[in-house]
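Colleague: following is a predicted model, sequence given first.
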Amino acid sequence: MTLSRQVIEPKNPALDQSQKFGLPLSPAVRGGDFVFLSGMAAIDPATGAPAHGTVAAETRQILTNIGELLEAAGSSLAKVVKVNVLIYSMLEYENMNSVYREFFPTDPPARTVCGAKLIGGHKVEIDCIALAGAAGLEPPDRLHRGVIEPANPKLNVSRNANLPHSPGITAGDYIFLSGMGPVDSVTGSRNLGPIAEQIRQTLHNMAHMLESGGSGLDRIVKMTVALADSADYDEMNQVWREFFPVDPPARTACALQLSNGNGVEIECIALAGRSPS
Amino acid sequence: MRAIIPAPVPGLDLGREYGHHQSPAIRAGGLIFCSGMVAINPDTGEREHGTVTSEARRIFENLKLLLESAGSSLDRILQVHAMIYDRIEYDVLNRVYRQYVPNAPPARTVMSVQIEAGFKVMLDVTAAA
């Protein structure tokens, strides 16, 4: 099977950072049903210059620019399925959320937020994946964008904490889960025990989330793991063998700043539906 | 369908070499999802710690092997999450990076994080099959 691949340019050339700063990236690339955006920092749409500001101001500028870029791909903010937010300090999490939720008032995308050192003195950087599509046309049923909620309400962290992301989004052939941490499935509070226990808890919760959406762990194609401590890498692999005895998913793991004292946070992309038996 | 893409050469099997419990890549629904790639010698499996330039070069050469074994190629990459150990090397990464994706490059996000085993670069790639 060969998918079409097409670079998407923003209508406003000032938003093309690759041109302005000579960077080896395209603002967005469409592949089949989806459009993949480069990480966007706050850029002044009038001049193309960096628009450094507060976390709230940068978030607003970035999401405004992303909306414009998505429209050039026949998509829109309402068609975004997965967002990655990088902020310079997790202490600013709520300042980012307060603006973010204005842009995604209902059924927000799946999302992962991490604290990382950013390029160019920016405080926020956001990338995303969205359903592509012809402007103004309703997508075919196959590309319906739906929200996945866990059957166990204790695990519905985003709703319980009033966070502006959905637990999971189903779109096209895939399910995109938000970054998940070690939440106890009985109490709904965080399980900050030994790292192996945290990883086990998180994978159990992911299984529940995927099953709630009609899929399962064996349907995962890609996992991205953030560890608070890179020394926990070997323990991660040991727990992985328990959950994925054969044909494990593709995986990327790195160490960075997590929220709420979590030792681990994991997100995934899975195929929708059950495996043929 | 969810199809495992095996390591195209023995050295790139990180499960065998380092006990990483992950598949090199998986093809599903027209996309190829690769595991995070670090600088590994494709023949011996040895880690090749080096500069940002040498590590990025090795990663792209290995990605080329991996993607082409799955019927894809470097110019079919859609999105890259590029991780570097220190953002001060951003321009160093860009100089080598653009040699491998000279035209219509993928969408990309660069972040500065701690990478496994003391590597300086890791590339996380999604490509069109």
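Modeller: Received, thanks. Residues are numbered from 1 along each chain as shown, chains lettered A, B, ... in the order given.
Colleague: burial measure for residue 51, as a count.
Modeller: Just going to use chain A. 19 (other Cβ atoms under 10 Å in any protein chain shown). Quick note: C-beta positions are derived from backbone N, CA and C, even for glycine.
Colleague: think we crossed wires, I meant chain B
Modeller: 14.
Colleague: how about the nearest residue to it once chain neighbours are set aside, phi and psi?
Modeller: The spatial neighbour of B:Thr51 that comes closest, neighbours along the chain excluded (Cβ to Cβ, 6 or more residues apart in numbering or on different chains), is B:Lys120 at 7.1 Å. Backbone torsions of B:Lys120, given as degrees, to the nearest 10, read phi -100, psi -20.
Colleague: can you map out the helices along chain B?
Modeller: Using DSSP state H, the helices of chain B run over B:14-18, B:52-69, B:90-100.
Colleague: quick one: name whatever helix or strand follows the strand or helix carrying A:Thr59.
Modeller: Element membership for A:Thr59, per DSSP states H and E: helix A:55-72. Downstream of helix A:55-72, the first helix or strand assigned by DSSP H and E is strand A:80-87.
Colleague: just the helices in the stretch 151-277 of chain A please.
Modeller: Here the stretch 151-277 of chain A has its helices, by DSSP state H, counting those that start in this stretch, at A:157-160, A:195-212, A:233-243.
Colleague: hey, C-alpha coordinates of the second one in PDB?
Modeller: Taking C-alpha atoms only, helix A:195-212 is exported to PDB below (Å, rounded to 0.1, in the frame of the first residue of the first chain):
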ATOM      1  CA  ILE A 195       8.800   2.500  39.500                       C
ATOM      2  CA  ALA A 196       8.000  -1.100  38.400                       C
ATOM      3  CA  GLU A 197       4.600  -0.800  40.200                       C
ATOM      4  CA  GLN A 198       3.900   2.600  38.600                       C
ATOM      5  CA  ILE A 199       4.700   1.200  35.100                       C
ATOM      6  CA  ARG A 200       2.500  -1.800  35.700                       C
ATOM      7  CA  GLN A 201      -0.400   0.300  36.900                       C
ATOM      8  CA  THR A 202      -0.100   2.600  33.900                       C
ATOM      9  CA  LEU A 203      -0.100  -0.300  31.400                       C
ATOM     10  CA  HIS A 204      -3.100  -1.800  33.200                       C
ATOM     11  CA  ASN A 205      -4.900   1.500  32.800                       C
ATOM     12  CA  MET A 206      -3.900   1.700  29.200                       C
ATOM     13  CA  ALA A 207      -5.300  -1.700  28.600                       C
ATOM     14  CA  HIS A 208      -8.600  -0.700  30.200                       C
ATOM     15  CA  MET A 209      -8.700   2.500  28.100                       C
ATOM     16  CA  LEU A 210      -8.100   0.700  24.900                       C
ATOM     17  CA  GLU A 211     -10.700  -2.000  25.700                       C
ATOM     18  CA  SER A 212     -13.200   0.700  26.600                       C
END
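Colleague: so that helix versus helix A:233-243, what angle?
Modeller: 40 degrees (axes from the mean of the first three to the mean of the last three Cα atoms, to 10 degrees).
Colleague: now check helix A:195-212, is it near chain B?
Modeller: No - residues of helix A:195-212 contacting chain B under Cβ under 8 Å from any Cβ of the partner chain: none, with a closest distance of 11.9 Å.
Colleague: ok now that helix, how far from the chain's centre?
Modeller: Distance of helix A:195-212 from its chain centroid, counting by Cα atoms, centre = their mean, to the nearest Å, is 17 Å.
Colleague: check the last one too.
Modeller: Its chain's average C-alpha position is 23 Å from that of helix A:233-243, according to Cα atoms, centre = their mean.
Colleague: buried stuff in that helix?
Modeller: A:Tyr233, A:Glu235, A:Met236, A:Asn237, A:Val239, A:Trp240, A:Phe243 (16 or more other Cβ atoms under 10 Å in any protein chain shown).
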